[in-house]
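Participant: Generate coordinates for the sequence data below:
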Amino acid sequence: MGQVKFINKRNLQIARENVGLDTLIASKKISTSKIDLVSKWENGDSLPTWSQVNKLSKLYGVPELLFFSDESIQKNKIIPDYRVGPEQGDEEKIKKLTNLVIRRQKWLERKLQTEGIPKNNLQGSGKNIQSPEALANFIRDGLDISLNQIKEISGVSARRKTLKYLIQKAESRYIFVGKTISYHKISVEEMRGLFISNDYCPYIILNRKDALSAQIFSFVHELAHLFRKTDAISNSLDFRQSNSISSEEIFCNKVAAELLMPKKEFTQEFYGKSDIDKLSELYKVSKLSLFYRLKDLDKISKNEKDSLESEIQEETQKNILQKNARNKKEGGSYINNMKDSNGNLFNNIISNAYLENKISYLEASKLLKFSVERYE
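Facilitator: This is a model prediction of the structure:
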C-alpha cells in the first residue's frame with residue numbers, strides 16, 4: 001500500500017499518549033525498522049503508509065478515520081495512581097485499560113443523555129463525610145446493601161454469589177462494573193481495582209485474576225472512591241496506617257473494612273484461629289483481612305498476634321499458589337470472558353439498543369467485542 005497524503009499529527013500524538021506509549025516503543029510494535037517512525041510522523045517529517053495507519057489504529061484502539069479528521073481526539077484525563085510499588089513497564093497496560101473504559105463511557109454518556117437518563121446522583125454524594133464508619137453506612141443505605149443477606153449466603157459458591165449481589169446493587173443505580181480479562185495482561189500486583197468517574201456512567205473495573213474475597217473487598221473499596229468521586233488505580237487492600245500507602249487509599253480500605261466487617265459485630269474480648277476461619281466464611285472476606293481487622297480493633301490476644309499472623313499468611317500464600325495453578329488450566333470461552341470484561345449493565349444497554357434498531361449490528365458488535373447476536 002502507498003503512503004497517505006495527509007495525517008492529523010496532533011491526533012496521532014494524543015492517541016499514542018492515551019495508551020501510555022512513547023514514540024519509539026510504538027514504532028517497534030508496528031515495524032521492524034530501528035528508526036523512530038512514529039516520532040517522524042508526529043513531527044511532520046514523513047508520512048505513514050496505509051498499512052502502517054491500520055496497525056496504529058489497532059495499537060491505539062481508535063478508528064483510522066480519526067487520523068485524517070479535523071475532529072480532535074480527546075486527551076484522556078489523568079487517573080490518580082495510588083498503587084503500592086507499581087512495576088516498571090506496566091503503565092502501558094493500565095493506560096490501555098483506562099482508554100478502553102473511557103471509550104465506553106463516551107458512547108454511554110451520549111446514549112444516556114439522549115434517553116433523558118439523569119446524572120448519577122450517588123457519585124460524589126459522600127465527599128464531605130470524614131469518617132470511614134459514617135461513609136460505610138452511607139454507602140450501605142445508598143445502595144440498599146444488607147449485611148444480613150450477605151451473611152445468609154452459603155455454599156461452595158458463596159463468595160461468587162456475594163460479589164454478584166453487590167454488583168447488582170451497584171448496577172441497579174447505573175454504576176457500571178466490568179473486569180479485566182487475560183488479554184489485558186494485568187496482574188493482581190499491578191492492579192486490583194480501577195474507578196473512573198463520569199457524570200452519567202461511572203465505571204469500576206476489578207481484576208478477574210484476584211481471589212473472590214479480594215474482589216469483594218476491592219469492589220467496596222472502589223465504591224468508596226465513587227461516593228467520594230476520587231478517580232483511582234488501586235492495588236492495596238491494607239487498611240492499616242502506612243507511610244507507603246496514600247491516605248486516600250487507607251481511608252477507602254477502612255470504609256470497605258467497616259462495611260464488610262462492622263466493628264459492632266465483634267463483641268468477644270479476643271478471637272482465635274477457629275473464630276477467624278468461621279467468620280471469614282460468614283462475612284465472605286479473606287482470613288488475612290479479617291485478622292487485620294480484628295488486630296486493628298485489639299481483638300487478638302498479644303500472645304497470639306505474631307504466630308497467628310504467620311500461620312494465616314502461610315495459609316493465604318498456599319491458597320494463592322493453588323488458585324494460580326487452577327487459573328492456568330481454566331481458559332473459559334472468549335464470549336463469556338468479554339461479557340465479564342464489559343459488565344452486565346453495559347452488555348444489556350448495547351444489546352437493547354441493537355434490538356430496538358437504534359444501532360447497527362456492526363456498531364453493537366464492535367462495542368461488545370463479540371457478535372451481538374451471540375449475546376443472550
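Participant: Next SSE downstream of the helix or strand hosting Lys55?
Facilitator: Using DSSP states H and E, Lys55 falls within helix 50-60. Counting by DSSP H and E, the next helix or strand C-terminal to helix 50-60 is helix 91-114.
Participant: So which elements touch the next helix or strand after that following helix?
Facilitator: Once the chain leaves helix 91-114, the next helix or strand it forms, by DSSP H and E, is helix 132-142. Identification of packing neighbours for helix 132-142 by 3 or more CB pairs under 8 Å, 6 or more residues apart in numbering; DSSP states H and E yields helix 212-228, helix 247-260. Where you see a C-beta, it was placed from the backbone N, CA and C, and this is true even at glycine.
Participant: Going by neighbour count, which residues of the helix holding Lys55 are buried?
Facilitator: Under the neighbour-count criterion of 16 or more other CB atoms under 10 Å, helix 50-60 has Gln52, Val53, Lys55, Leu56, Ser57, Leu59, Tyr60 buried.
Participant: now do stretch 38-49
Facilitator: Val38, Ser39, Trp41, Glu42, Leu47, Pro48.
Participant: Inside helices: which ones of those?
Facilitator: Of these, the ones assigned to helices by DSSP state H are Val38, Ser39, Trp41, Glu42.
Participant: tell me the contacts of Phe270?
Facilitator: Counting by CB atoms under 8 Å, 6 or more residues apart in numbering, Phe270 touches Lys299, Ile300, Ser301, Glu304.
Participant: Could you look up the SS state of the one residue sitting closest to the centre of the chain?
Facilitator: Closest to where the C-alpha atoms of the chain average out (CA atoms, centre = their mean) is Ile205, at 1.9 Å. Recorded secondary structure, Ile205: strand (DSSP: H, G, I helix; E, B strand; the rest coil).
Participant: circling back to that earlier point, just the buried ones among the contacts of Phe270, please.
Facilitator: Counted by 16+ other CB under 10 Å, the contacts of Phe270 give Lys299, Ile300 as buried.
Participant: which one among the contacts of Phe270 gets closest to Ser360?
Facilitator: Lys299 (58.4 Å; CB to CB).
Participant: Contacts only, for the closest one.
Facilitator: Applying CB under 8 Å, 6+ apart to Lys299 gives the contacts Phe266, Gln268, Glu269, Phe270, Tyr271.
Participant: any idea how far it lies from Val156?
Facilitator: 28 Å (CB to CB, to the nearest Å).
Participant: What of Phe195?
Facilitator: Phe195 is 30 Å from Val156, where distance means CB to CB.
Participant: before we move on, what about Asp275?
Facilitator: Taken as CB to CB, the span from Asp275 to Val156 is 22 Å.
Participant: contacting residues around Asn18?
Facilitator: By CB under 8 Å, 6+ apart, the contact set of Asn18 is Tyr60, Ile73, Lys75, Asn76, Lys95, Asn99, Ile102.
Participant: Can you select the buried ones among those residues for me in PyMOL?
Facilitator: Per 16+ other CB under 10 Å, the buried members of the contacts of Asn18 correspond to this PyMOL selection:
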select buried, resi 60+73+76+95+99+102
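Participant: Is Pro202 in contact with Leu194, as I believe?
Facilitator: No - between Pro202 and Leu194 there is no contact under CB atoms under 8 Å: 11.3 Å.
Participant: three-state assignment of the residue lying closest to the residue nearest to the centre of the chain once chain neighbours are set aside?
Facilitator: Of all residues not flanking Ile205 in the chain, Leu194 sits nearest, at 4.2 Å (CB to CB, 6 or more residues apart in numbering). Under the three-state scheme (three-state DSSP), Leu194 adopts strand.
Participant: Any stretches of the stretch 51-200 of the chain with poor pLDDT?
Facilitator: Within the stretch 51-200 of the chain, the set of residues satisfying pLDDT under 70 comprises 85-90.
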